[in-house]
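Novice: Here is my input, please return the structure:
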Amino acid sequence: MHTAADSTIVPAASGRFLHDHVADFVRSLIEDGTLKPGDRVPSLRAIRRRLEVSMATATRAYETLEEGGWIEARPQSGFYVRSPRAAALEAPQRGHTPGRPERLDVPSLLGSLAPADESDNAVTLSLALPDPELLPTRALQRALTRVARAHPGASTEYAFPPGIETLRRQIAYRVAGAGCRVHPDDVLVTSGCAEALTIALQCVARPGDVIAVESPTFFNILTMIERLGMRALELPTDPLEGLDPQAFERALEHNSVSAALLVPNFNNPLGSCMPDAAKRRVVELAQRYALPVIEDDIYGDLHFGDRRPSLLRAFDDGSHVLTASSFSKTVAPGYRVGWLLAGRWREGANSLKHALSMATATLPQLVMADFLENGAYERHLRRLRSAYHAQVERMRHAIAQHFPAGTRVSEPRGGFLLWVQLPDRVQAIDVYRAALDAGVRVAPGNLFGSGAAYDQYLRLSCGAPWQPALETAIAALGRIVHDLAQWPAHGDIGA
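Specialist: Here you go, the predicted model:
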């Protein structure tokens, strides 16, 4: 076996260093398709044993592959194949926001984003939902059995606001890991994140008020604001770093804003994440303008980096920031277990919760508390984050392979959504309609903002493990976009 000194310093007989040959071996597996984008690469120990080289040689070879964009290291997970094509994709451009409050009417096509029934064989890329295969179903069933034995009457009892204490203690513990110190009594358990956001909005604003939001943003946030009789003020948002604090400050200077509703960690649909300095600045502005800021942190646990991103609430004492989230994207959408840190609006939030739905179902709360308490959640999250990261990379690679030149794609830092900017002249609504005919469901960009700002964008979900049907669906979408790119723009017809 080669020694560390021999393998990293002395060139091989061909005139190249030994670590170059190790790198060539791994690169050939990628080029031949044996290892595909998103696949895990053999560990350093495995490659060292297989090629009979030192750990130093294996490490230097993997450093070379990283520098060349062939692989990437993921914290506590190992090395994974990157897609050179995907790495070359440009990020989407910022949308053109209207600069004034808008009454938004999200199109009626929302209902067609989901499969019609179980017999619908369409490939659904339109819904921001985790695939059931990735969820901890068996662990939840075991927790349900334990809870049913320990609390036989739980399913028939109300868990009045603020909710089950054991669950609130677990949520307070997890929030501490994101930089916040809260008491369990500060936690209000809700029926999903949507109810938490609805309660928060009604705590801080009234019909006719202006709510600042990122643009693009999740269409249900826009619908919620509209249905409450409020108006949305859309703010430009960077695909990587989220809301621009300077744009936020200008909006507050020139508009009568009553509150803000932001998704700082892995915005839907961008996947952007605000740096701590930007979060701190947003909170400082909220404090200066006495502005309530609601943060939706539903994707915060799904980070791809080595550290869970901070909450806005970490820079505030609850005087200005309200934080909402749920376990719908990580554990069980059907359990409808969410939560709200309402800060100084706590009593009003509890009262609103009681008026809206009396209580969140008791049994799901007890099961979720058990799941969190025994450590299963953390183990599940590690697997889930790795799976989502791999699926996002596979999808980006497939888009780079099948879509025409001029396509831009986000590079999210967490979550499982991609924001795709189509080439010039291609309208998302045309892609959406043609894709429906081809058995593929996508979410057109005009759902995520007002006016025509996102008419050339799509949101695609990477919530399902990669399989041939997904590759086929992306190839079909690519052909549709190719074909539409050949048609003349509406203004060019007859020219």
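
Novice: Show me the strands in the stretch 251-400 of the chain, by range?
Specialist: Along the stretch 251-400 of the chain, counting by DSSP state E, counting those that start in this stretch, strands occupy 259-262, 293-296, 321-326, 338-341.

Novice: what would those strands look like in CSV with mean pLDDT, distance to Asp370 and mean neighbour count?
Specialist: In short, each C-beta sits where N, CA and C put it, glycine included. Output for these, formatted as CSV (pLDDT from 0 to 100; distance: least, CB to CB, whole Å; neighbours: other CB atoms under 10 Å):
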stretch, mean pLDDT, distance to Asp370, mean neighbour count
strand 259-262, 98, 32, 26
strand 293-296, 98, 26, 27
strand 321-326, 98, 17, 28
strand 338-341, 98, 16, 28
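
Novice: Tell me which of those lies nearest to Leu381.
Specialist: strand 321-326 (13.5 Å; CB to CB).

Novice: With only the CA atoms kept, save the closest one in PDB.
Specialist: This file holds the C-alpha atoms of strand 321-326, laid out as PDB (Å, rounded to 0.1, in the frame of the first residue of the first chain):
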ATOM      1  CA  VAL A 321     -42.000  39.400  15.300                       C
ATOM      2  CA  LEU A 322     -44.600  36.600  15.300                       C
ATOM      3  CA  THR A 323     -43.400  33.200  14.100                       C
ATOM      4  CA  ALA A 324     -45.500  30.400  12.500                       C
ATOM      5  CA  SER A 325     -44.600  26.900  11.300                       C
ATOM      6  CA  SER A 326     -45.900  23.400  11.200                       C
END
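
Novice: Find the residue at the geometric middle of this structure.
Specialist: Gly415 (2.6 Å; CA atoms, centre = their mean).

Novice: Now do stretch 431-451: distance to the chain's middle.
Specialist: 19 Å (CA atoms, centre = their mean, to the nearest Å).

Novice: Test my guess that the residue nearest to the centre of the chain contacts Asn268.
Specialist: Yes. Using CB atoms under 8 Å, Gly415 is in contact with Asn268, at 7.1 Å.

Novice: shared neighbours of those two, which are they?
Specialist: Tyr299 (CB atoms under 8 Å, 6 or more residues apart in numbering).

Novice: Poorly predicted segments of the stretch 1-150 of the chain, please.
Specialist: Residue ranges of the stretch 1-150 of the chain with pLDDT under 70: 1-15, 76, 83-89, 91, 94-112, 116-119.

Novice: Going along the chain, name the helices of it.
Specialist: For the stretch 1-150 of the chain, the helices defined by DSSP state H, counting those that start in this stretch occupy 4-9, 18-31, 44-51, 55-67, 84-87, 137-150.

Novice: do you know which of those lies nearest Phe218?
Specialist: Nearest of the helices of the stretch 1-150 of the chain (CB to CB): helix 84-87, 24.3 Å.

Novice: Now the strands of the stretch 251-400 of the chain in JSON lines, please, with extra columns for distance to Pro115.
Specialist: Listed next are the strands of the stretch 251-400 of the chain as JSON lines, based on distance: least, CB to CB, whole Å:
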{"stretch": "strand 259-262", "distance to Pro115": "29"}
{"stretch": "strand 293-296", "distance to Pro115": "26"}
{"stretch": "strand 321-326", "distance to Pro115": "23"}
{"stretch": "strand 338-341", "distance to Pro115": "24"}
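
Novice: what's the closest of these to Pro423?
Specialist: Using CB to CB, the strands of the stretch 251-400 of the chain put strand 259-262 closest to Pro423, at 30.4 Å.

Novice: That closest one pairs with which strands, and in what direction?
Specialist: Here strand 259-262 has these sheet partners by DSSP bridges: strand 210-215 (parallel), strand 293-296 (parallel).

Novice: Quick one: residues contacting the residue nearest to the centre of the chain.
Specialist: Here Gly415 is in contact with 266, 268, 271, 299, 302, 329, 388 (CB under 8 Å, 6+ apart).

Novice: shouldn't the second one be in contact with Phe218?
Specialist: Going back to what we said before, that points to Asn268. Yes. Here Asn268 lies in contact with Phe218, judged by CB under 8 Å, at a distance of 4.2 Å.

Novice: which ones are touching Val283?
Specialist: 293, 312, 315-316, 320-321.

Novice: ok, so what distance separates it from Ile199?
Specialist: From Val283 across to Ile199, the span is 21 Å (CB to CB, to the nearest Å).

Novice: mind listing the helices for the stretch 301-450 of the chain?
Specialist: Going by DSSP H, counting those that start in this stretch, the stretch 301-450 of the chain shows helices at 346-357, 362-373, 376-402, 428-437.

Novice: And the ones you listed: which comes nearest Leu65?
Specialist: Closest among the helices of the stretch 301-450 of the chain, using CB to CB: helix 376-402, at 15.1 Å.

Novice: can you state the direction angle for the closest one and helix 137-150?
Specialist: 160 degrees (axes from the mean of the first three to the mean of the last three CA atoms, to 10 degrees).

Novice: Spell out which helix or strand contains Ile474, please.
Specialist: helix 468-486 (DSSP states H and E).

Novice: Now, of the contacts of Gly415, which are buried?
Specialist: 266, 268, 271, 299, 302, 329, 388 (16 or more other CB atoms under 10 Å).

Novice: Please tabulate those in a markdown table, including the columns distance to Val431 and pLDDT.
Specialist: Below are the buried ones among the contacts of Gly415 laid out as a markdown table (distance: CB to CB, whole Å; pLDDT from 0 to 100):
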| residue | distance to Val431 | pLDDT |
| --- | --- | --- |
| Phe266 | 24 | 97 |
| Asn268 | 20 | 96 |
| Gly271 | 20 | 95 |
| Tyr299 | 25 | 97 |
| Leu302 | 27 | 97 |
| Lys329 | 25 | 96 |
| Tyr388 | 24 | 94 |
